[in-house]
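K.L.:
When you get a sec, could you give me coordinates for this:
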Amino acid sequence: MDTLRVDICYRPLRIGWAIRTADFEAFRRAVRYSHALWGGRFNPILVIDREAETDLLIDLFRVDFIMPIGESVEVKNLPKRYPHLITPFFHDAIFIKGNQGYPHHAKVLDVYNALAYLRDKPEWKAIKEKGLRLLAWQPDDSLADAFLTHWGEYPSIDEVGTDYRALFMNACEGTVLTIDPGCQIPAAAIEHPGISFLSRYGLSRLYNVRSPWDSPGFFVGSVSDVDDLVCYWNLRACDIPLLFVDPLILARYEGLIPAWEKAMRERIGRYHHQWDGHVAIWTRREDLAEANKIFPNSKLSRCHVSDALWNGYNLQAPTMHLGQGSALGIVGSESGRSKVSFALPEKPFCDEIWFHDQHLVASMSLVGGLYGDERQTFDVPYLPELNEFYARTMHFQYNKLRIEPGRIGLVIDAAEHDTFLYALPVAELIERVFSMAGYDAKLSSAGLIARQLISQLGGLQGARVFKVPGVRRLLKTHGPGASFTRRAALQIIASKDPNRPEAKFSDHEGLFIEPRAPGEKLRPEAVFGHLVEKGLLRIGVDLNCPGCRMRTWIPLEALKQRLACDLCGHEHDATRQLADRNEWHYRRSGVLGVEKNAQGAVAVLLTLQQLDTSLNSGLHGNIYSTPLELRHKEGTEATISEVDFVWIIEERYLGKTAIILGECKDQGPITAEDVANLERIADALPQKRFETFVLLSQLAPFTAGEIKNAKTLNDKYRRRVILLTARELEPYFIYERVQAEVGAGRYGSTPEDMASMTAKIYFGEQ
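P.N.:
This next block holds a predicted model:
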């Protein structure tokens, strides 16, 4: 069996609380519920009346499922708008009240689990010695909702069945700090950890990447405006330390504001980059006059919160995890599919059996394991709309998988000790991708030919042999029914192309198509032998039939002294003709032997091979398809389209999935209809998830008309067309032959790089 490394981190499920605008009671319940959950501090609150903002927040926070709070039909129906965010357990509530001896419990990790796990840890004892405080205030305090949001409170025992407040006080041996109505907020309120601290204890960022906007500081808003409170909560859910300040009740902050600012300046002093070192004022208000009056200090930067803030570029919601480790995965086969099984490493939470009904996510990244198998993969693109498809294909339960940027999340219960994943069939993935664009996709006849040819060559890198112009010319010179000698083949392979005098065999003497001794140059004889060994050329002889006097090619495995003519059936003794032969005759074989030009398969393979060389990350497999036939789901027979290849790049971290659609020709032309077809398909793919590129390749130079048509695929803000000819496809490094011409490097390691190089080479852009 093969093995691979499985890197696993554990994270709480991220819940999106759905409420209606101005529903203060629903907001308060969401905040209390969140503080009762381990990691609940990072759960966003979604205001369903603001649909555009809700869409952005769900994507920004990568919400695992939505929990409505409230009795309105609109709130309860919000999860139906996001069918891919499937509740991972069979209940409509987070907190389950026990009965008849069945204990009260939460369906996700809660602070009860945190306290059970931390009770004997030395770091927890140190925190207890520092002193934990439970803040208390009167319900009619004008700042009650701000206190609730910042310092936290637990839901009542009548509501959830568990007395979290008593658990906190007993385990923490804490004291109560009471804030009197109308009095100043004591600075001691921020000096001691409390309920809010416990909810996020032990959690750290999975990737230590800072957002462009994530400066700690103050949030200026109105405590009587639920939209301000929701915004404040969601900013803190992005792991930004903020203090809510209401300008109308400013006197109560007199001692707290300087203490908080001092704490924030000490915090940013630990940042690595100077440009991170700002304490900020955040506000939803267009007019910053009030904020400027409160904080006349010019060293405080200003951050205006608008809808654009939540678009995933200005602000990022980091993945918060409890801990991570690695496991050894055993790769086997089950029902023709690869399957990796592994034990879950040491857990940074309590996994005693009484917590078996609490759920969390084991977020994993698989390294290695399927090298050479390009028909299935563990490298899955971040397309959360395909969560159920991924779950049914790669696991077992339809609601237990969440795709993440660069990772796969499995929903587990706290007591699980091992799990498994099946490899994802690439063909099924690509069908689903085009389904998102409204197309049914299947391999065309050209796609089947190209796929078989790749298999025959041993993978995409086997197509390196087609970089030699003489090899392509040999296949074009001699059709499927023509035979030729070794001497004639070597002459074609080694000679110059009459149509491209600058192309010569010596350009490829450093090319490795198979292992050879260090310092040894590639020779035409080695190229010819490689073609025969890979089954692209078949050995035989040409013999004359005495009966019909026709010449017939007989393959090596069919040769014997007495032969029957394939043309007339005459049986004759071929001994003398065989004895007089001093040379074998060869023919194209396999798929090259049944198609006149293999429907452009050579151009497709050469393009895919160059993409594999330029874009391959090494540790992760390729996701691509040979030519596809696409049928629009709402169309007719006349709406069938074709694409010569598809290449998908699984984006890491917070980027979109890149997808390249290709049109490949031998000598062209690439028509305006070809360009329009690819543009139509590219535009149909959801821009929310995909960064689409269109690659046009041919082995002849592009004409001025072809370049003009290709340029229409770009616009003022987007470069997405990539043009490749033999000049880019033949060398090992894609741009080494134009390096001096355009003053750039030899590499094109991303589709963006290739599109920029195309704009520079063909469109004169900088």
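
K.L.:
okay, and for the chain, where does confidence drop off?
P.N.:
Scanning the chain with the threshold set as pLDDT under 70 gives 1, 99-102, 208-210, 271-277, 297-298, 369, 593-599, 617-621, 635-638, 652-654.

K.L.:
what's the longest strand in it?
P.N.:
Looking across the chain with DSSP state E, the single longest strand is strand 323-334.

K.L.:
what lines up beside that one in the sheet?
P.N.:
Strand pairing for strand 323-334, using DSSP bridges, gives strand 2-11 (antiparallel), strand 337-343 (antiparallel).

K.L.:
And those strands: which comes nearest Lys504?
P.N.:
In terms of Cβ to Cβ, the element of the strands paired with strand 323-334 nearest to Lys504 is strand 2-11, at 42.8 Å. C-beta: built from backbone N, CA, C; applies to glycine.

K.L.:
contact partners of the closest one?
P.N.:
39, 206, 319-331, 340, 342, 344-345, 347-349, 360-369, 409 (Cβ atoms under 8 Å, 6 or more residues apart in numbering).

K.L.:
Show me the longest helix that occurs in the protein.
P.N.:
Counting residues, the longest helix found in the chain (DSSP state H) is helix 601-615.

K.L.:
any idea which helix or strand comes after it?
P.N.:
Counting by DSSP states H and E, the next helix or strand C-terminal to helix 601-615 is strand 623-625.

K.L.:
Just the C-alphas of the helix or strand that that following strand is followed by, formatted as CSV.
P.N.:
Downstream of strand 623-625, the next assigned helix or strand under DSSP H and E is strand 628-632. Provided in CSV are the C-alpha atoms of strand 628-632 (Å, rounded to 0.1, in the frame of the first residue of the first chain):
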residue,chain,number,x,y,z
LEU,A,628,-15.1,18.1,-24.3
GLU,A,629,-18.5,18.4,-25.9
LEU,A,630,-20.7,20.8,-24.1
ARG,A,631,-24.5,20.9,-24.5
HIS,A,632,-26.4,23.8,-22.9
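
K.L.:
Quick one: list the elements packing against strand 628-632.
P.N.:
For strand 628-632, the packing partners by 3 or more Cβ pairs under 8 Å, 6 or more residues apart in numbering; DSSP states H and E come out as helix 426-436, strand 439-443, strand 640-643.

K.L.:
measure Leu424 to Leu386 for me?
P.N.:
Distance of Leu424 to Leu386, computed by Cβ to Cβ, to the nearest Å: 10 Å.

K.L.:
again, but for Gly332
P.N.:
Taking Cβ to Cβ, one finds Gly332 at 25 Å from Leu386.

K.L.:
Neighbour count for those two, which is higher?
P.N.:
Taking neighbours as other Cβ atoms under 10 Å, Gly332 and Leu386 compare with Leu386 leading, 22 against 12.

K.L.:
I'd guess the more buried one is in a helix, am I close?
P.N.:
Yes. Counting by DSSP: H, G, I helix; E, B strand; the rest coil, Leu386 is part of a helix.

K.L.:
residues contacting it?
P.N.:
For Leu386, the contacting residues are His84, Ile403, Arg432, Met436, by Cβ under 8 Å, 6+ apart.

K.L.:
For PyMOL, write the select line for the buried members of those.
P.N.:
Buried subset of the contacts of Leu386, written as a PyMOL selection, criterion 16 or more other Cβ atoms under 10 Å:
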select buried, resi 84+403+432
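
K.L.:
can I get the contacts of Leu386 in JSON lines with distance to Gly98?
P.N.:
What follows is these, written out as JSON lines (distance: Cβ to Cβ, whole Å):
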{"residue": "His84", "distance to Gly98": "32"}
{"residue": "Ile403", "distance to Gly98": "34"}
{"residue": "Arg432", "distance to Gly98": "41"}
{"residue": "Met436", "distance to Gly98": "43"}
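
K.L.:
how about Asp566, what does it touch?
P.N.:
Contacts of Asp566 (Cβ under 8 Å, 6+ apart): Thr552.

K.L.:
List phi and psi for it.
P.N.:
The phi/psi pair for Asp566 (degrees, to the nearest 10) reads phi -70, psi -20.

K.L.:
how near is Lys476 to Leu724?
P.N.:
In terms of Cβ to Cβ, Lys476 sits 20 Å off from Leu724.

K.L.:
If you count surrounding residues, which of those two has more?
P.N.:
Higher neighbour count among Lys476 and Leu724: Leu724, with 25 against 14, using other Cβ under 10 Å.
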